[in-house]
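Q: with the input below, show me the fold.
(one chain, ligands or ions: 2)
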Amino acid sequence: MRTQVGIIGGGPAGLLLSQLLHLKGIESVILERRTRAYVMGRIRAGVLEWGTVEVLRDAGVGERMDREGQAHDGTGIVWAGKNRLFIDTYKYAGKRLMAYGQTQITEDLYAARDAMGGVIIDEAAKVTPHDITSDTPYITYQTQGETHRLDCDYIAGCDGYHGVSRPSIPASSLRTFEKVYPFGWLGILSETPPLPEIVYANHERGFALASMRSPMLSRYYIQCPLDTNLDDWPDERFWEELKARFPVDLADQIVTGPSIEKSIAPLRSFVAEPMRYGRLFLAGDAAHIVPPTGAKGLNLAVSDVYYLSRAFIDFYVNKSTRYLDSYSAMALRRVWGAARFSWWLSMLLHRFPDQTEFDRRTQEADLDYLASSEAAQRSVCEQYAGLPFE
Ligand code: APR
Ligand code: PHB
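A: Ligands and ions are numbered 1, 2, ... in the order given. As a prediction, this is how the structure comes out:
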């Protein structure tokens, strides 16, 4: 088989890239390791920057998002059991946020790719890129035990943190940066009406977050130790702990019910540089991971794909490699902006096991300063709402 862009990974990054290329007449094939049911069943992020909303609309997959997603002017922060602040991104950055699940975006993208005859090979095993520094790269993979070869002009590595693309770059040509946080988030999804706004809580018992997916689907998280066992957290215990971390009036508004999903995710920051090696280009989680605080993971995957699709379009339509050549540097500027912001917000909102009294006081001073300074809020809003695309 032959195509123009071989895409490894059928998560949001790979699907969106294939869709944006198709709209400009550029061919691609997606090779996805898992079954479609598995990919669509994953519960992941849910807060979109307005730049992401616009890219999804331009990709022709905005219809359900505009109908079912919930636009917000910003996000709440509460601390010390009583203090509160609204990070008003609409007022200070002129941009709203959209609560709409990655699960739904993935469904919308699959539906759009299918409707347009997009080629997605599910359950592709042993996917391996070859000759990536030559002008004729190719990918081999297996389906039902048989080996196939996909020849292409370029390879897009959209296969997430555990994929094959990043490891196929020689270690001597790749630099990685990592920070591991000493806790995780225990999250649940429940078919109950959410609080009207997304609210982050810094509490002495640990961080908590109230979020949403739809008017009848809530997403809540609590900070937990890394060795937490899910079996120790029946729903009743989760709700009790969650409520204990919010001010009483907000806790009283939380509607509890049975959870339909419960999982633990460790927090980590990771960036790999560069995001290009020969004819292989990395996008999304394949190149970087941010802690979930600030909801930047999916938004970064979308901005990478926006830059990468523009680069391929410029190459195929205008015969220029200008954007392909600047892709890594341009994408990394935005990646580091979001990595810094996610790290900063994580430091601001969590309780660290080794925190001294001094650390606690400076954290509280940071929150008080944010609450009292319009300049500080404007800066946070600019980053929370999403830095502009170059
Ligand atoms: N071969 C083929 N496909 C693979 C391989 C492989 N060796 N390894 C992984 N994949 C597939 C995964 O099964 C997954 O469907 O690549 C896809 C990667 O998707 P994601 O992990 O969702 O990554 P990405 O598309 O970059 O999405 C961005 O933003 O909110 C965050 O982490 C969240 O998934 C989200 C991400
Ligand atoms: C979520 O809804 O899953 C969510 C919201 C805000 C965050 C992180 C996750 O900062």
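Q: okay, the nearest residue to P258 once chain neighbours are set aside: pLDDT?
A: Distances taken as C-beta to C-beta, 6 or more residues apart in numbering put D235 closest to P258, at 6.0 Å, once the chain neighbours are dropped. Where you see a C-beta, it was placed from the backbone N, CA and C, and this is true even at glycine. On the pLDDT scale, D235 is placed at 98.
Q: for D235, give its distance to E241.
A: For D235, the distance to E241 equals 11 Å [C-beta to C-beta, to the nearest Å].
Q: those two: which has the busier surroundings?
A: More neighbours surround E241 than the other of D235 and E241, with 17 against 14 (other C-beta atoms under 10 Å).
Q: could you confirm that one falls within a helix?
A: Yes - judged by DSSP: H, G, I helix; E, B strand; the rest coil, E241 forms part of a helix.
Q: backbone phi and psi for the closest residue in space to it that isn't next to it in sequence, please?
A: Leaving aside its chain neighbours, E241 sits nearest to I222 (5.6 Å; criterion: C-beta to C-beta, 6+ apart). Note on I222: its backbone torsions stand at phi -130, psi 140 [degrees, to the nearest 10].
Q: show me what I222 bridges to in the sheet.
A: L186, A208 (DSSP bridges).
Q: what sits against it?
A: Listed by C-beta atoms under 8 Å, 6 or more residues apart in numbering, the contact set of I222 reads W185, L186, G206, F207, A208, L209, F238, E241, L242, R245.
Q: what about the fourth one, how many residues nearby?
A: I take that to be F207. Going by other C-beta under 10 Å, the residues that sit close to F207 add up to 23.
Q: which residues does it contact?
A: W185, Y200, A201, Y221, I222, Q223, R245, T293, L349, H350, R351.
Q: could you redo the last one with a cut-off of 6 Å?
A: Q223, L349, H350 (C-beta atoms under 6 Å, 6 or more residues apart in numbering).
Q: okay but the second one is in contact with H203, surely?
A: No - assessed by C-beta atoms under 6 Å, L349 is found out of contact with H203, at 9.5 Å.
Q: looking at the two, which one has more neighbours?
A: The residue with more neighbours, out of L349 and H203, is L349; 22 against 19, by other C-beta under 10 Å.
Q: how many neighbouring residues does S173 have?
A: 11.
Q: how close does it sit to N83?
A: Taken as C-beta to C-beta, the span from S173 to N83 is 48 Å.
Q: what do L349 and H203 both touch?
A: With C-beta under 6 Å, 6+ apart, L349 and H203 have no common neighbours.
Q: torsion angles phi and psi at P137?
A: phi -70, psi 160.
Q: correct me if wrong: the residue nearest to P258 contacts S259.
A: Yes - counting by C-beta under 6 Å, D235 touches S259, with 5.1 Å between them.
Q: count of neighbours near P167?
A: Neighbour number of P167 under other C-beta under 10 Å is 12.
Q: sec struct for it, please.
A: Going by three-state DSSP: P167 is helix.
Q: what sits closest to the residue of the stretch 151-300 of the chain found nearest ligand 2 if chain neighbours are left out?
A: Nearest residue of the stretch 151-300 of the chain to ligand 2: S211, at 3.1 Å (C-beta to the nearest ligand atom). Distances taken as C-beta to C-beta, 6+ apart put R219 closest to S211, at 4.3 Å, once the chain neighbours are dropped.
Q: the strand or helix carrying the one you found vs ligand 1: in contact?
A: Assigned by DSSP states H and E, R219 belongs to strand 217-224. No - Strand 217-224 stays clear of ligand 1 (C-beta under 6 Å from any ligand atom), getting no nearer than 12.6 Å.
Q: export that strand as CSV, just CAs?
A: Only the C-alpha atoms of strand 217-224 are listed here, as CSV (Å, rounded to 0.1, in the frame of the first residue of the first chain):
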residue,chain,number,x,y,z
LEU,A,217,-22.5,13.7,33.6
SER,A,218,-20.1,14.9,36.3
ARG,A,219,-16.3,14.3,36.5
TYR,A,220,-14.7,14.7,39.9
TYR,A,221,-11.1,14.1,41.1
ILE,A,222,-9.3,14.0,44.4
GLN,A,223,-5.5,14.1,45.0
CYS,A,224,-4.4,10.7,46.3
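Q: that strand near ligand 2 anywhere?
A: Yes - Strand 217-224 lies within reach of ligand 2 by C-beta under 6 Å from any ligand atom, at R219.
Q: tell me, how many residues neighbour the residue in the stretch 201-350 of the chain positioned nearest to ligand 1?
A: Residue nearest to ligand 1 within the stretch 201-350 of the chain: G284 (2.2 Å; C-beta to the nearest ligand atom). Using other C-beta under 10 Å, G284 is surrounded by 30 other residues.
Q: against A111, how distant is it?
A: With C-beta to C-beta as the criterion, G284 and A111 are 20 Å apart.
Q: closest to Q104 among the contacts of I222?
A: L209 (19.5 Å; C-beta to C-beta).
Q: ok, P182 - contacts?
A: By C-beta under 6 Å, 6+ apart, the neighbours of P182 are P353.
Q: just say helix, strand or coil for it.
A: strand.
Q: pLDDT value on it, please?
A: 98.
Q: what segments of the protein are helices?
A: Taking DSSP state H, the helices of the chain run over residues 12-23, 36-41, 50-58, 63-68, 89-93, 102-115, 235-244, 248-253, 297-318, 322-349, 357-372, 374-384.
Q: noted, bye for now.
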